[in-house]
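J.: A structural model of the following input is requested.
(chains A and B)
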Protein chains: 2
Amino acid sequence: MAGGILTQVAPTPQAHQNGTKRAHPPSSAKDVSAYSELQTERLEYKPALPPVLCSPLSLKQGGATTSAEHPDQIKALFPNLYGKPNVHIVADPQGKAEAHTESVKIGVVLSGGQAPGGHNVISGLYDYLQVHNPGSTLYGFRGGPAGVMNCKVVELHADFIYPYRNQGGFDIIGSGRDKIESPEQFLQAEETVKKLDLDGLVVIGGDDSNTNAAVLAEYFLSRNVKTKVIGCPKTIDGDLKCKEVPISFGFDTACKIYSEMIGNIMLDAKSAAKYYHFVRLMGRAASHITLECAFQTRPNIALIGEEVAEKNQSLCDVVNSMCDVICKRAEADKNYGVVLIPEGLIDFIPEVHHLISELNDITAAEEGPVLPDGAWREKLGDNSRGLFNSFPRAIQEMLLLERDPHGNVQVSKIEMEKLLIDMVTTELKSRKAAGHFKGKFNAQPHFFGYEGRCGLPTNFDATYCYALGFVAGALLDQGQTGLISSVGNLAAPSNEWTVGGTNLTTLMCVEKRKGKNKPVIKKAMTELNGAPFLQFAEQRDRWAVEDCYRCPGPIQFHGPSAEKSNFTLVLEQGGLQ
Amino acid sequence: MAGGILTQVAPTPQAHQNGTKRAHPPSSAKDVSAYSELQTERLEYKPALPPVLCSPLSLKQGGATTSAEHPDQIKALFPNLYGKPNVHIVADPQGKAEAHTESVKIGVVLSGGQAPGGHNVISGLYDYLQVHNPGSTLYGFRGGPAGVMNCKVVELHADFIYPYRNQGGFDIIGSGRDKIESPEQFLQAEETVKKLDLDGLVVIGGDDSNTNAAVLAEYFLSRNVKTKVIGCPKTIDGDLKCKEVPISFGFDTACKIYSEMIGNIMLDAKSAAKYYHFVRLMGRAASHITLECAFQTRPNIALIGEEVAEKNQSLCDVVNSMCDVICKRAEADKNYGVVLIPEGLIDFIPEVHHLISELNDITAAEEGPVLPDGAWREKLGDNSRGLFNSFPRAIQEMLLLERDPHGNVQVSKIEMEKLLIDMVTTELKSRKAAGHFKGKFNAQPHFFGYEGRCGLPTNFDATYCYALGFVAGALLDQGQTGLISSVGNLAAPSNEWTVGGTNLTTLMCVEKRKGKNKPVIKKAMTELNGAPFLQFAEQRDRWAVEDCYRCPGPIQFHGPSAEKSNFTLVLEQGGLQ
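T.: Below you'll find the predicted structure:
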């Protein structure tokens, strides 16, 4: 049974186009005739599974586990899951796995923001079922967790899945940000899985969605519902990882797309020699994306939010250190450069964080629209008022107007790059007046976010995701629940990858949210003593003044650059020392 | 002598790294060890010259020419150049070209905004000299035309050029936007070319720079200066073209980079199903980039400035027609989509154009900063005041604050995508109140510009530019001046391309600039009866309501998509009917 499995189950385009040719494609199938040449070419890509997954397999259990923090509270919240061992998938030469050949019913849901590779998790899962549980049914829940609660579902068969193989986006079934939270919602989910008679549910999502997966798994166990729940680690932000899950999928592709753009802008900066480009990068709280893009492109400045917080820097401190670099470059007659800014920076600057929480409280109490010049300003503390007054009007308006449904400032909508340009301009004017800056400063703001979430997955993400989905199928097949699909040794070629499942409660701690203790997956922030940050810290002074710009160029699917993963992964796995 | 020429002259990386290995690279050489895998791989790419350029060659002259418009005035301005024939380069089996084997001194300058491929023009020119005029000297003027005036120059030898082969950017010698305009500046240029004893000067630039090239050529002829001047058609905007010059270089790469991003955003829009993405695209006046990106990606709406002007639409008309599409999509429960907006749109809406010119006049007369609420508003005409007052404050501030050195509004800095989002939001609110819109509208603004100007050139641009440079060398070698390097039949493979030179005055007309009649190269705008626009007009209604999104993905240098040029070129050359 080993080997050749994939060619057996993954329909080739030839088979699809010739073997099962139809006058009209089924209404559910996407029309691939509209695809670009590259989309069409990518349909044919065959991700290479780790060899262990190509043979009959069985599980090897590890020892008892504990949670990332607060073991007592997590144990109380997850009495069934807490402490259960992680598992490794191993080849089973005696073919014991053949016991698991009955057909099953599995559901899959995409949750939260898009990340390149989601479609391959689904195709990997589908292909597992084809090989090991022939005759199974795979349901896709439409529009995210809401689809689970409302039982909005579509059956995913070979023709339906084929057009999405190795493609970007989550459009196969859509995604959504709803959470299954209230007792009524858990009951709804229970009704759905019972109605569909689901043996398993695969939740593809970030930290919150995987927390939700663990809670669901625990809930189903406590209710004697047969449905097992397995999570898959998705987020371009790269903040969902642990020893067993070295990276979340989508991070590799998204960073490379942003880096292509940054590299292009660097050459523009150097060629025109008249602009500083301030590039804000998506990535929520953690600065992983900014750090990876810094390795890919070597900018003059890259701010790392976790460092700013650790050093307790004020906004002025940040601006001053940026101005120091700009002044030093001006001395070498370089009035241009590139600055990378993580989206989450604003949250890491204590005084700004404080201002925002004051604003949230004040505006919640105001009736009607809150305008920048309103009397409410008097309610701000002195520090916050001074800070608010120092901001340009456009930023003041953003802070007041861009609010989420809960009335909170939407940090991701604050154009931090424009605020920093404004403050740097002001500071450089005063340095110029004092004779400490003789250069010129003109800047262009950029924000890269949505561009990176739905790109064609890199060979790495395509292969990684396919394995994640295949493993999720295997874990369900082995009766596992409450685990996150785990593929390890990822810095090596895929034929050396290890596979298994990690107890989701091992990633958890307890946090206060809306006044209540809630179990959450601890976000993996940039470690200031980790290999990536240390390497960066070692090199950045040279990058600041010399032009060490590196242009990764567009993602390639053939050739020497196509099989490279990313700097962060390799450094964290102990490479490139 | 035919064939094998390129392998003879283009240094291979192996030759560079092994054959001429040095302990320290020469100080002028760029350090390629810092290159990404893809940059390094691209150094090895060998653009395929049209076969005619691989043999001894001679010129075939066409008939007498005239200018695009105003022949009498152009004739008066260019008494030496006007009417001279265009030339075709043909193979010369008798080897007459061997007469031209003396060494020469040639200068090259990059002028204006960056466009992918500029480095290949220079390497093509260099390689021509190596083959046909061994022992020649190639000078690069640093920082654009200012380098010509100030004789800031560097000698471009093989080691110097090698690291830039097939790379993006203009950083080999930099670029600049200065113009050689005043009598003193012409004298400075004359001094430079005499000092360097230049036989020829190659000007790589857009419409203004090529106009400048023609004026210089005419000036040198009138002064009996021996230096010949040849232009090369550069601009991502695609507005410098004519029958003999089917496309300007850089357009292909830039559009594909923007289209990669747009395609990704489309899948995001469809997957999340909650945002309209308003994407403003660089491209100055003409809407060629927007039109090409529309073919590449099939957005729901793509505004074409030339059509808006032709139909004399107001800003409200534009907003209303966008809202019509959004309402129609909402009926199909699609509250998402992608809208493309050409940077130049603002100039094409008559009422906005009028407001801006009133603002330019008024603010020029004001002393001190002009604030949105100032009394100067009374000086605006009623229509303009009404329009200005209707804008959100951020846009008002942009109109007042973003000014070029001449005090004029910098149209390219107006965030038109945000203005349109604001106006669409307002209009949809009133439609909702009237019961004509039942959907939701949330939007994300984007601007793509600098990302596309310095990308790694596509195989098309790399090959096209290499030929342009090679041809420029040949034209100079044949004693030609006042021509633009012309490569034709570009929709065919490069072994079918035709090559020659086009009299720059054939592209010219006279325009009033700053009260004076000036010769200018007539900008090639989007033709509303041209094949690209007609095809677009035929398809856009379907694109508006259905999701026909096409994702071109990242530019590839290998595989089926690597050798494709672009829709605009192919349609204009009579293909894809």
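
J.: could you use CA atoms for every contact and neighbour count after this?
T.: Will do.

J.: near chain B, which residues of the stretch 351-500 of chain A are found?
T.: Where the stretch 351-500 of chain A comes near chain B, counting by CA under 8 Å from any CA of the partner chain, the residues are A:394, A:450, A:451, A:452, A:453, A:454, A:455, A:456.

J.: state the number of residues packed around the first one.
T.: Taking other CA atoms under 10 Å in any protein chain shown as the criterion, the count of residues near residue A:394 is 17.

J.: which part of the stretch 201-350 of chain A gets nearest to chain B, residue-wise?
T.: Residue nearest to chain B within the stretch 201-350 of chain A (CA to the nearest CA): residue A:271, separated by 4.4 Å.

J.: tell me how far that residue lies from residue A:403.
T.: Separation of residue A:271 from residue A:403 (CA to CA, to the nearest Å): 40 Å.

J.: please apply the same query to residue A:165.
T.: Residue A:165 is 37 Å from residue A:403, by CA to CA.

J.: please identify which of the two sits among more neighbours.
T.: Per other CA under 10 Å, whichever of residue A:165 and residue A:403 has more neighbours is residue A:165, with 26 against 15.

J.: is that one in contact with residue A:46, as I believe?
T.: No - contact status for residue A:165 versus residue A:46: not in contact, 9.1 Å apart, counting by CA atoms under 8 Å.

J.: so whatever residue of the stretch 101-250 of chain A ends up closest to chain B: helix, strand or coil?
T.: Using CA to the nearest CA, the closest approach of the stretch 101-250 of chain A to chain B is made by residue A:171 at 4.3 Å. Recorded secondary structure, residue A:171: coil (DSSP: H, G, I helix; E, B strand; the rest coil).

J.: name the nearest residue to residue A:67, sequence neighbours excluded.
T.: Spatial nearest neighbour of residue A:67, excluding adjacent residues (CA to CA, 6 or more residues apart in numbering or on different chains): residue A:506 at 3.9 Å.

J.: what is the neighbour count of residue A:537?
T.: The tally of other residues near residue A:537 (other CA under 10 Å) stands at 12.

J.: so which strand or helix has it?
T.: Using DSSP states H and E, residue A:537 sits within helix A:531-545.

J.: kindly report the same for residue A:438.
T.: Going by DSSP H and E, residue A:438 is not in any helix or strand.

J.: list the residues that contact it.
T.: For residue A:438, the contact set (CA atoms under 8 Å, 6 or more residues apart in numbering or on different chains) comprises A:327, A:330, A:331, A:432.

J.: tell me the contacts of the residue nearest to the spatial centre of chain A?
T.: Geometric centre of chain A, nearest residue: residue A:235, 1.5 Å, by CA atoms, centre = their mean. Applying CA under 8 Å, 6+ apart, one finds that residue A:235 lies in contact with A:113, A:114, A:115, A:205, A:206, A:248, A:249, A:250, A:251.

J.: 10 Å - rerun?
T.: Counting by CA atoms under 10 Å, 6 or more residues apart in numbering or on different chains, residue A:235 touches A:112-116, A:118, A:204-207, A:241, A:247-251, A:254, A:283, A:453.

J.: over to residue A:145?
T.: Residues near residue A:145 by CA under 10 Å, 6+ apart: A:108-112, A:151-152, A:175-180, A:189, A:203, A:209, A:212.

J.: dihedrals phi and psi, it?
T.: phi -60, psi -30 (degrees, to the nearest 10).

J.: next: residue A:61.
T.: According to degrees, to the nearest 10, residue A:61 has phi -90, psi 140.

J.: distance of the closest residue to it other than its chain neighbours from residue B:344?
T.: Excluding the flanking residues, the one nearest residue A:61 by CA to CA, 6+ apart is residue A:87, at 4.5 Å. Applying CA to CA, the value for residue A:87 to residue B:344 is 59 Å.

J.: cool, residue A:454 as well?
T.: According to CA to CA, residue A:454 stands 28 Å off from residue B:344.

J.: please identify which of the two sits among more neighbours.
T.: More crowded of residue A:454 and residue B:344, by other CA under 10 Å: residue A:454, with 31 against 22.

J.: from the contacts of residue A:145, list just the buried residues.
T.: A:108-112, A:151-152, A:175-177, A:179-180, A:189, A:203, A:209, A:212 (16 or more other CA atoms under 10 Å in any protein chain shown).

J.: residue A:322 and residue A:340 touch, don't they?
T.: No - contact status for residue A:322 versus residue A:340: not in contact, 11.0 Å apart, counting by CA atoms under 10 Å.

J.: out of those two, which sits in the busier spot?
T.: Ranked by neighbour count (other CA under 10 Å), residue A:322 and residue A:340 place residue A:340 first, with 26 against 19.

J.: got the contact list for the residue nearest to the more buried one when sequence neighbours are not counted?
T.: Spatially, and ignoring its direct neighbours in sequence, residue A:340 is nearest to residue A:302 (4.5 Å; CA to CA, 6+ apart). Residue A:302 makes contacts with A:278-280, A:287, A:290-291, A:293-295, A:322, A:338-342, A:536, A:540, A:543-544, as judged by CA under 10 Å, 6+ apart.

J.: now render the residues of the stretch 351-500 of chain A next to chain B as JSON lines, adding distance to residue A:510 and secondary structure.
T.: JSON lines is the format used below for those (distance: CA to CA, whole Å; DSSP: H, G, I helix; E, B strand; the rest coil):
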{"residue": "A:394", "distance to residue A:510": "37", "secondary structure": "helix"}
{"residue": "A:450", "distance to residue A:510": "31", "secondary structure": "helix"}
{"residue": "A:451", "distance to residue A:510": "34", "secondary structure": "helix"}
{"residue": "A:452", "distance to residue A:510": "31", "secondary structure": "helix"}
{"residue": "A:453", "distance to residue A:510": "29", "secondary structure": "helix"}
{"residue": "A:454", "distance to residue A:510": "32", "secondary structure": "coil"}
{"residue": "A:455", "distance to residue A:510": "34", "secondary structure": "coil"}
{"residue": "A:456", "distance to residue A:510": "36", "secondary structure": "coil"}
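
J.: so which of those residues is the most crowded?
T.: Using other CA under 10 Å as the neighbour test, those are led by residue A:455, with 34 neighbours.

J.: can you give me the distance of it to residue B:562?
T.: Per CA to CA, residue A:455 is found 18 Å from residue B:562.

J.: got the contact list for residue A:203?
T.: Going by CA under 10 Å, 6+ apart, residue A:203 touches A:107-111, A:144-145, A:209-210, A:212-214, A:229-234, A:472, A:484.
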